[in-house]
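A.B. asks: 3D, please:
(one chain, ligands or ions: 2)
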Amino acid sequence: MILTELTGSCLCGSVKYRVNTVVHKFYFCHCEQCRKITGSAFASNILTEPSEINWLSGSKKIKRFDYPGEKSYTKVFCSECGSGLPFLNERGTTLIVPAGSLDGDCGLIPDNNIFWSDKAAWYEEGISAEKCDEFPA
Ligand SMILES: [Zn+2]
Ligand SMILES: [Zn+2]
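C.D. replies: Ligands and ions are numbered 1, 2, ... in the order given. Next up is the predicted model:
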C-alpha cells in the first residue's frame, strides 16, 4: 500500500487541500450524470482509500450536493467559483478526488474510460480535432 500525497485547489484559490491516501483507480467517467455535474465531456476521478482531507484553507466555502436518486452522485465544490473538490462518497467507502483540481502533475495515469457507451456524441470527433496552443487564428 503506497501512500500518495495529492494537493489541490479551486480556481479562485479560496480552497486548498492536501490528502495522503492510497490510490485505487483513476477513471474518466462518461456517464450522463458525470457530464452534467462537471459541465464537460467526462469526469476525471481518482478513487482512493477513505482518508482525512486536510483543508489548508477555505473550508467554510465548501458546499456539498448529493443527488437524491437511486444511484449516488455527489459534487463538493467551492461556493465562490464552483470548482470541484475531493469528497467521501455517501457510503463512506471511497474518497473521490477530481483530477482537474490537483496542483501540478500527480504522476497518475487514467486506468479506464468508464460508461463509454454513454459518452457525448461529440466526444471522439472532439479529441481528434485540430490541436492549437491558443485560440485558433
Ligand atoms: Zn474557489
Ligand atoms: Zn459517471
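A.B. asks: how many residues are close by residue 21?
C.D. replies: Each residue near residue 21 was counted by other C-beta atoms under 10 Å, and the total is 21. Heads up, the C-betas are built off the backbone N, CA and C, glycines and all.
A.B. asks: relative to ligand 1, how far out is it?
C.D. replies: Distance, residue 21 to ligand 1, by C-beta to the ion, to the nearest Å: 22 Å.
A.B. asks: am I right that that residue is in contact with residue 47?
C.D. replies: No. Between residue 21 and residue 47 there is no contact, the gap being 9.9 Å when judged by C-beta atoms under 8 Å.
A.B. asks: overlap in contacts of the two?
C.D. replies: residue 95 (C-beta atoms under 8 Å, 6 or more residues apart in numbering).
A.B. asks: and stretch 24-33, does that touch ligand 2?
C.D. replies: Yes. Part of stretch 24-33 sits near ligand 2 under the criterion C-beta under 5 Å from the ion, namely 29, 31.
A.B. asks: surely residue 23 forms part of a helix?
C.D. replies: No. If the criterion is DSSP: H, G, I helix; E, B strand; the rest coil, then residue 23 is strand and not within a helix.
A.B. asks: pull up the residues of the protein that are close to ligand 1.
C.D. replies: Checking the chain against ligand 1 by C-beta under 5 Å from the ion, the hits are 10, 12, 14, 78, 80-81.
A.B. asks: so which residue is dead centre in the protein?
C.D. replies: Among the residues of the chain, the one closest to the centroid is residue 98, at 1.7 Å (C-alpha atoms, centre = their mean).
A.B. asks: so who does residue 52 touch?
C.D. replies: Contacts of residue 52 by C-beta under 8 Å, 6+ apart are residue 19.
A.B. asks: doesn't it lie inside a helix?
C.D. replies: No. The secondary structure assignment for residue 52 gives coil rather than a helix, going by three-state DSSP.
A.B. asks: any idea how far ligand 1 is from it?
C.D. replies: Summarising the geometry, the distance separating residue 52 from ligand 1, computed by C-beta to the ion, is 21 Å.
A.B. asks: quick check: phi and psi on that residue?
C.D. replies: phi -70, psi 130 (degrees, to the nearest 10).
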